[in-house]
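Visitor: here is my input; please provide its structure:
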Amino acid sequence: MRVAAVIPTLDEATRIGATLTALQAAGIDERVVVDGGSSDATVAIAAAHGATVVSAARGRARQQNLGAAATTAEVLVFVHADVLVPVDARAWILRTLARPGVVAGAFRTRTRFDGAGPMPVVGLCLRLADLRSRLGRVAYGDQAIFVRRATFMALGGFPDQPLMEDVELSRRLRRLGHMPVVPREVLVSGRRFVAQPLRATLCCHLFPALYDLGVPASLLARLWGAIR
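Guide: Have a look, this model is predicted:
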């Protein structure tokens, strides 16, 4: 089966090149960048790295849905612009989806920091986020969620909501079958935790809990503010 990566972007010129290079090294067959109106060189850099570039209105859910529609591969993997997949990512994806009862999957996360090292509390928060994902059986967007194209399309793609679209998709996938977190890590940028530790921690821990309690995604989005 062929694998297509869908990468939503907004002003990611400093990172999109490395993300696409990692995807290519992993043997991902298609790489589609869905840009939400970048004012920097994101689009030019993506094109220079051989990606198909699609323009979309800003909003991660709609960007990823539009990107998925632009692919032809049998398997989709959704990769944030600041996430680096391992060189054997394609092998892990196909091996996992070949298991009986598996409808989708995701990777574990390990955080990388550019420049100065992180504050100890930041590193702890990020490790707790990874642990919560594995124990809570919910996959988040920065875990590079992968799924069969037919399954994704049958579900209608990501729900049209401004926040927690990854959590909601994960819930819907789990109703259909098993969605394991594979024992392989993607590298996730810790930039937002370093820049705004308190705000990023709230988004990572408190907001998913509130969503589980029934707080609407629209209200959480208003509390969060600008969303990439």
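Visitor: how many other residues sit next to Ala13?
Guide: Burial of Ala13 is recorded as 17 neighbouring residues (other C-beta atoms under 10 Å). All C-beta spots, glycine's among them, are computed from the backbone N, C-alpha and C.
Visitor: ok, now how distant is it from Tyr140?
Guide: 24 Å (C-beta to C-beta, to the nearest Å).
Visitor: could you do Arg184 as well?
Guide: 16 Å.
Visitor: comparing these two, which shows the higher neighbour count?
Guide: Tyr140 (22 against 17).
Visitor: so that one touches Asp166, yeah?
Guide: Yes. Counting by C-beta atoms under 8 Å, Tyr140 does reach Asp166; the two are 5.3 Å apart.
Visitor: centroid residue for the chain?
Guide: Most central in the chain under C-alpha atoms, centre = their mean is Gly141, positioned 3.1 Å from the mean C-alpha point.
Visitor: what ranges does the chain have for its strands?
Guide: Listed from the start of the chain, the chain has strands (DSSP state E) covering 3-9, 30-35, 52-55, 75-78, 83-84, 104-112, 146-148, 181-189.
Visitor: residues contacting the residue nearest to the centre of the chain?
Guide: 60, 78, 80, 165-166 (C-beta atoms under 8 Å, 6 or more residues apart in numbering).
Visitor: helix or strand, whichever it is, which one in the chain has the lowest mean pLDDT?
Guide: helix 120-136 (a mean of 57; mean pLDDT, DSSP states H and E).
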